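>>> pasting the structure only:
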Ligand SMILES: [Zn+2]
């Protein structure tokens, strides 16, 4: 399952700044690289998105994962749809506790599942609550 992103790169400020030097919405996956039969593979552990500032959002994960891959998006909605696709492709293996959540005011729908909107709304509230904690319990 291709994630359709650039990388992978080290999850450090230096590498993030080198890759994303402007403010843009976008998508990312976090994880680690391993070698098997002379080839490198990337193990996807977390899928995320930034509605506004991909560089800033990625930096919140420094220290929790080794590497990242990313892609920029034209709009936040485009990033949401891609995050949903990545989430459904890898959901069995992910550290993500919740389905991707949309901003409260947006009326976007995940095209890949038929969850009731109210469940997505609840997940949105829970994730927001957890993400505001200093020790983000969403990531290992
Ligand atoms: Zn879905």
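Structure's in. What do you need? This is a predicted model, so every value here is computed, not measured. Residues are numbered from 1 along each chain as shown.
>>> wait, doesn't residue 89 sit right on residue 4?
No: look at residue 89 against residue 4 with Cβ atoms under 8 Å: they stay out of range, at 10.4 Å. C-betas here are computed from N, CA, C, even on glycine.
>>> Please identify which of the two sits among more neighbours.
Remark: of residue 89 and residue 4, residue 89 carries more neighbours, 16 against 11, as counted by other Cβ atoms under 10 Å.
>>> Quick check: chain neighbours aside, which residue is closest to that one?
residue 1 (4.3 Å; Cβ to Cβ, 6 or more residues apart in numbering).
>>> got it, and residue 18?
Per Cβ to Cβ, 6+ apart, closest to residue 18 is residue 9, 7.8 Å.
>>> what comes up buried for the one helix or strand the one you found maps to?
Element membership for residue 9 (DSSP states H and E) is strand 6-10. By neighbour count with 16 or more other Cβ atoms under 10 Å, strand 6-10 contains the buried residues 7-9.
>>> Neighbouring strands - and their directions - for that strand?
The sheet places strand 6-10 alongside strand 67-72 (antiparallel), with pairing taken from DSSP bridges.
>>> Report the buried residues of the following helix or strand past the partner strand.
Later in the chain than strand 67-72, the nearest helix or strand by DSSP H and E is helix 76-90. The neighbour-count check on helix 76-90 (16+ other Cβ under 10 Å) flags 76-90 as buried.
>>> Contact partners for the residue nearest to the spatial centre of the chain?
Centroid-nearest residue in the chain: residue 48, 1.0 Å away (criterion: Cα atoms, centre = their mean). Counting by Cβ atoms under 8 Å, 6 or more residues apart in numbering, residue 48 makes contact with 27-30, 57, 61, 83.
>>> starting at the chain centroid, how far to stretch 94-102?
Distance of stretch 94-102 from its chain centroid, counting by Cα atoms, centre = their mean, to the nearest Å, is 9 Å.
>>> returning to that earlier point: which of the buried residues of helix 76-90 sits closest to residue 105?
Residue 105 has its nearest neighbour among the buried residues of helix 76-90 in residue 76, at 11.1 Å by Cβ to Cβ.
>>> Right, I'll leave it there.
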